[in-house]
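> No letters, just coordinates:
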């Protein structure tokens, strides 16, 4: 299989070089030499050229762009073009449009050359290949070691129920002030963070589970693998019962609860989540924990509380849980004027301590009790061992993302107010709008407060990923947007081989469209040729219809067409994606709970049952021609 991957990646890279030659015709000879060098590299290093070597060189390039100086890295595939020059031999022509021979960043460097450098070097970074068992084992060990480095949670988090002990009331200065006493500015920051946590908590308002929607998340649950009826409770711990009574929160009526309790035995044991390795990169996996179904159900209730209250308040001007555009826009602006820096954290969700959560929300006892009750304390590792967590929650919990986002937002705002000597009030906080943005562990803060933000995060036991954080030069990176001098230089990524399956075809079409939208025409044309075993229609870039994007109008005989006499419109027949999923029928009254939870439209056909894995197919359908073709485009092959 790797030989096929090497062949496909090589062909895509060759076409990227042709696209670069089209953009810079004066460098055609240079790109021909690069093509020869590429084939030599692939012969000797194989797949690692695209999945390891080139991405490492690209990461080094990003750092050099930020520092304004290219330094020799010694990385594979980055040998110097001469003894005096420091720039690499491979892609020398593009490098010389950005740096001079001794490595200094040119004042008039071409952002398009930066884009093509990053595109050629990074396009294979996200190749969908499973990593080795050794890499998975190493990542699990890192997960455990990181967790063991955190302090033990307090007695509140290990209590039998949420009301057996009082709610914690320790401010940040008490929980984290020990090592910070030597740094007066960090101590002042922690005091400001305490004030800001109260301001943020009062903005969120009181939490009452009855006001918010319960539902299941889209992910797997820890009890079983494969499709199962998530609405039939097998367990409900005493900790969960203390905040979320099962009769009120787990059934649609008391009669259903009474009948269920009589006919079935619901356990009260403490459940454990299940750690799963999912695909991320060739070098390492991503670790996500499948939560117990009852915890997932209640965590979604808290998620809706966070999401709605944040959206309807000043918090929505700094963090948006469903929208990354705020960070992306500020990232582009920061790369242009240099007034803000982008910070990225290492294993952020794995370093959120229970002490930080209790300090942040200590003014809202109902909320902190709910977070304690729905927190999963045990995780089952892939080798079937149980590990007791010290961190607040793992990736997989519905509350991890909003809690860490609000915590990081509080840190950023507190650092800014401390640095400027401002009080915590709405006027001073809103003065930072457009200067601070948070999405998970992607942070954007003013450049003059960067040092205090980093020291504040370190005081809270977080680690800033310096390799992916930028505050000098004209390069910034945040939320999937790479920007240089105000211009997006985000590369398009090749994902994997195309096969006969509809999912593979759909993925290749999406990759083609991404390349096409970046005007990488040779590469897009090659990707389109790989799906010729399926007729995929050419559709206009603004149509929104599944197909290969084009900015031209295909010939009149390109499509099979008809005139719909009933709807009085011209239609064309195209293969469209359709996902069909069978439902296993539910035999008990949990179907009614499913109906109230999913709340379908009365105009839609709805059936209860356990959803099976959807099967994706490409089926021909008649669609309005006006949706496929742009008005006024000329007739030519797209």
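Right, received. Where do you want to start? Since we're looking at a predicted model, the values are computed, not measured.
> Least confident secondary structure element in this structure?
Lowest by mean pLDDT, DSSP states H and E among the helices and strands of the chain is helix 625-628, with a mean of 80.
> And the contacts of that one?
Residues from elsewhere that reach helix 625-628 (Cβ atoms under 8 Å, 6 or more residues apart in numbering): 537, 539-540, 543-545, 547, 559, 561, 569-572, 574. All C-beta atoms are positioned from the backbone trio N, CA, C, and that covers glycine.
> Show me which positions of it end up buried.
625, 627-628 (16 or more other Cβ atoms under 10 Å).
> Likewise for stretch 91-107?
So, applying 16+ other Cβ under 10 Å, buried residues of stretch 91-107: 91-99, 103, 105.
> count of residues packed around residue 243?
For residue 243, the neighbour count with other Cβ atoms under 10 Å is 20.
> thinking it is in contact with residue 373, fair?
Yes: if you go by Cβ atoms under 8 Å, residue 243 and residue 373 touch, sitting 4.0 Å apart.
> if I look at the two, which residues touch both of them?
Common contact partners of residue 243 and residue 373 (Cβ under 8 Å, 6+ apart): 162, 298.
> For residue 109, see how far away the residue sitting nearest the centre point of the chain is.
The chain has residue 479 as the residue nearest its centroid, 7.5 Å off, counting by Cα atoms, centre = their mean. Using Cβ to Cβ, to the nearest Å, residue 479 is found at 25 Å from residue 109.
> Break down the stretch 451-600 of the chain into its helices, ranges please.
502-517, 521-529, 590-598 (DSSP state H, counting those that start in this stretch).
> okay, those in JSON lines with mean pLDDT next?
Below are the helices of the stretch 451-600 of the chain laid out as JSON lines (pLDDT from 0 to 100):
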{"stretch": "helix 502-517", "mean pLDDT": "92"}
{"stretch": "helix 521-529", "mean pLDDT": "94"}
{"stretch": "helix 590-598", "mean pLDDT": "90"}
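> Out of these, flag the one nearest residue 29.
Residue 29 lies closest to helix 521-529 among the helices of the stretch 451-600 of the chain, at 17.6 Å (Cβ to Cβ).
> neighbouring contacts of the closest one?
11-12, 15-16, 18-19, 22, 492, 508, 511-513, 515-516, 536, 548.
> re earlier: what's the closest of the buried residues of stretch 91-107 to residue 552?
Distances from residue 552 to the buried residues of stretch 91-107, taken by Cβ to Cβ, are shortest for residue 94, at 28.9 Å.
> helix or strand for residue 186, which one?
Applying DSSP states H and E as the criterion places residue 186 in helix 184-204.
> which helices and strands sit right next to that helix?
Applying 3 or more Cβ pairs under 8 Å, 6 or more residues apart in numbering; DSSP states H and E, we find helix 184-204 packed against helix 172-176, helix 293-311, helix 354-360, helix 400-420, helix 450-459.
> Now do it: everything it contacts.
Applying Cβ under 8 Å, 6+ apart, the set of residues contacting helix 184-204 from outside is 171-173, 176-177, 180-181, 305-306, 309-310, 313-315, 359-364, 367, 406, 409-411, 413-415, 417-418, 424-425, 429, 452, 455-456, 459.
> relative to helix 450-459, how tilted is it?
With axes from the mean of the first three to the mean of the last three Cα atoms, to 10 degrees defining the directions, helix 184-204 sits at 80 degrees from helix 450-459.
> So which bits of helix 184-204 are buried?
Buried positions in helix 184-204, judged by neighbour count with 16+ other Cβ under 10 Å: 186-201, 204.
> Equivalent analysis for stretch 378-387, please.
So stretch 378-387, judged by 16+ other Cβ under 10 Å, has buried residues 379-381, 387.
> what's the most distant pair in these?
Pairwise across these, and taking Cβ to Cβ, the largest span is found between 380 and 387, at 7.8 Å.
> Quick one, which of the contacts of helix 521-529 are buried?
The buried subset of the contacts of helix 521-529 (16+ other Cβ under 10 Å) comprises 12, 15-16, 18-19, 492, 508, 511-513, 515-516, 536, 548.
> possible to save the residues you listed as CSV with distance to residue 615?
Putting the buried ones among the contacts of helix 521-529 into CSV (distance: Cβ to Cβ, whole Å) gives the following:
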residue, distance to residue 615
12, 29
15, 33
16, 34
18, 38
19, 36
492, 28
508, 18
511, 22
512, 23
513, 23
515, 28
516, 28
536, 19
548, 23
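> any idea how this protein splits into domains?
2-125, 133-483, 502-628 (automatic domain parsing).
> Pull the distance from the longest one to the chain's centre.
In terms of Cα atoms, centre = their mean, to the nearest Å, the centre of domain 133-483 is found 15 Å from the chain centre.
> what about the strands in the stretch 451-600 of the chain?
For the stretch 451-600 of the chain, the strands defined by DSSP state E, counting those that start in this stretch occupy 475-478, 481-484, 487-488, 538-540, 548-550, 561-564, 569-580, 583-584.
> out of these, deepest packed?
strand 475-478 (a mean of 26; mean count of other Cβ atoms under 10 Å).
> for it, what is the average pLDDT?
Mean pLDDT, computed over strand 475-478, is 96.
> Other residues contacting that strand?
By Cβ under 8 Å, 6+ apart, the residues outside strand 475-478 that reach it are 62, 65-66, 327-328, 330-332, 334-335, 340-342, 344, 439, 442, 444, 468, 470, 482-484.
> Each with direction, which strands does that strand pair with?
According to DSSP bridges, strand 475-478 forms sheet pairs with strand 481-484 (antiparallel).
> Which residues does the partner strand contact?
62, 65, 111, 114-115, 118, 327-328, 331-332, 334-336, 474-477, 488-491.
> Which is the succeeding secondary structure element to the helix or strand harbouring residue 58?
Using DSSP H and E, residue 58 maps to helix 54-67. Following helix 54-67 in sequence order, the next helix or strand is helix 92-98 (DSSP H and E).
> Would you mind pulling up the elements that that following helix packs against?
helix 28-45, helix 111-122.
> Pick the most buried one from those helices.
helix 111-122 (a mean of 23).
> Which element, helix or strand, includes residue 16?
Counting by DSSP H and E, residue 16 is part of helix 2-23.
> Good, wrapping up.
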